[in-house]
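Asker: based on what follows, work out the 3D shape:
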Amino acid sequence: MKLVDAVIWPFVIILLLLVFGPALRRFLADAKVLSFKGGGVEASATRETIKAAAAVGAAVGRQKTGGDSPTKELPEIAPLIEKATAPRTRRRLSRATVLWVDDRPANNLYERRALQALGLHIDLASDTEEAIGKLRRKKYDLVVSDMGRPSSKQAGFELLKAIRENGDDVPFVIYAGSNAPAHGVEARQRGAQGTTNDPSELFELVLDHILT
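Answerer: Residues are numbered from 1 along each chain as shown. Have a look, this model is predicted:
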């Protein structure tokens, strides 16, 4: 581990603990990720784990209302982070690429940061035309798409239809504001692997379909 990492890394941990408070300390203890043994490799893995945990917590917290803190979700997030940071999982994620389609990518910045912290590569597209072009030029392990865009309230379904008509069976997950049961049923009937508006569920869907 570089000297600068050895000096700065403890301060990063302290900053995270100060920001997220006791809940993050419990999370780190339960997930068994806070370790400095062995230097380089283990310290690097720990650093990425905490980055992912913080980003997941921020993504979940952004979705909550009523002033809830993202740290309240950490006990539920812990098993997901622990699974995602297992050595075999990280190796698989480091070889996977997701195409994320959204005309407002800033709305899911924390979600992308969390997945990237786990090693996943993400390409962005802002509309169906751009997404189809990228899918023709490159093989992706998963597509995450929004639903409504200025061009159409069902732009996500239209993208899914275009992908399937091209003979591409890439796993497709819809990440949108609505998660009504009827919406999920329709999405699966159209060929999607899942739909959600919850960051934790999104991470589970992404991991499940990339690791299978």
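Asker: can you give me the helices for this structure?
Answerer: With DSSP state H, the ranges of helices along the chain come out as 3-20, 22-31, 40-63, 74-84, 87-94, 109-117, 128-137, 155-165, 181-189, 199-211.
Asker: now do the domain split for the protein, please.
Answerer: 3-85, 89-211 (automatic domain parsing).
Asker: by mean pLDDT, show me the worst of the ones you listed.
Answerer: Lowest mean pLDDT within the domains of the chain: domain 3-85, at a mean of 53.
Asker: neighbours around Arg90, how many?
Answerer: Neighbours of Arg90 under the rule other C-beta atoms under 10 Å: 17. Heads up, the C-betas are built off the backbone N, CA and C, glycines and all.
Asker: quick one: the residue lying closest to it once chain neighbours are set aside from Glu158, how far?
Answerer: Nearest residue to Arg90, sequence neighbours excluded (C-beta to C-beta, 6 or more residues apart in numbering): Gly119, at 5.2 Å. The spacing between Gly119 and Glu158, counted by C-beta to C-beta, to the nearest Å, is 31 Å.
Asker: got it, and Pro171?
Answerer: 18 Å.
Asker: which one of these two is surrounded by more residues?
Answerer: Pro171 (20 against 16).
Asker: now do the contacts for that one.
Answerer: Pro171 makes contact with Asp141, Leu142, Val143, Gln193, His209, Ile210 under the criterion C-beta atoms under 8 Å, 6 or more residues apart in numbering.
Asker: equivalent analysis for Arg88, please.
Answerer: Contacts for Arg88 (C-beta under 8 Å, 6+ apart) come out as none.
Asker: hang on, Ser151 packs against Asp127?
Answerer: Yes. Between Ser151 and Asp127 a contact is recorded at 6.7 Å, counting by C-beta atoms under 8 Å.
Asker: so these two - more neighbours on which side?
Answerer: Set side by side, Ser151 and Asp127 show more neighbours around Asp127, with 16 against 12, by other C-beta under 10 Å.
Asker: I'd guessed that one sits against Pro105; true?
Answerer: No. Contact between Asp127 and Pro105 fails when scored by C-beta under 8 Å: they sit 11.6 Å apart.
Asker: how about the contacts made by Lys134?
Answerer: Taking C-beta under 8 Å, 6+ apart as the test, what Lys134 contacts is Leu99, Asp123, Ala125, Tyr140.
Asker: tally of neighbours for the spatially closest residue to the second one that is not a sequence neighbour?
Answerer: Take Asp123 and drop its neighbours on the chain: the residue closest to it by C-beta to C-beta, 6+ apart is Leu99, 5.2 Å away. Leu99: 22 surrounding residues under other C-beta under 10 Å.
Asker: alright, calling it a day.
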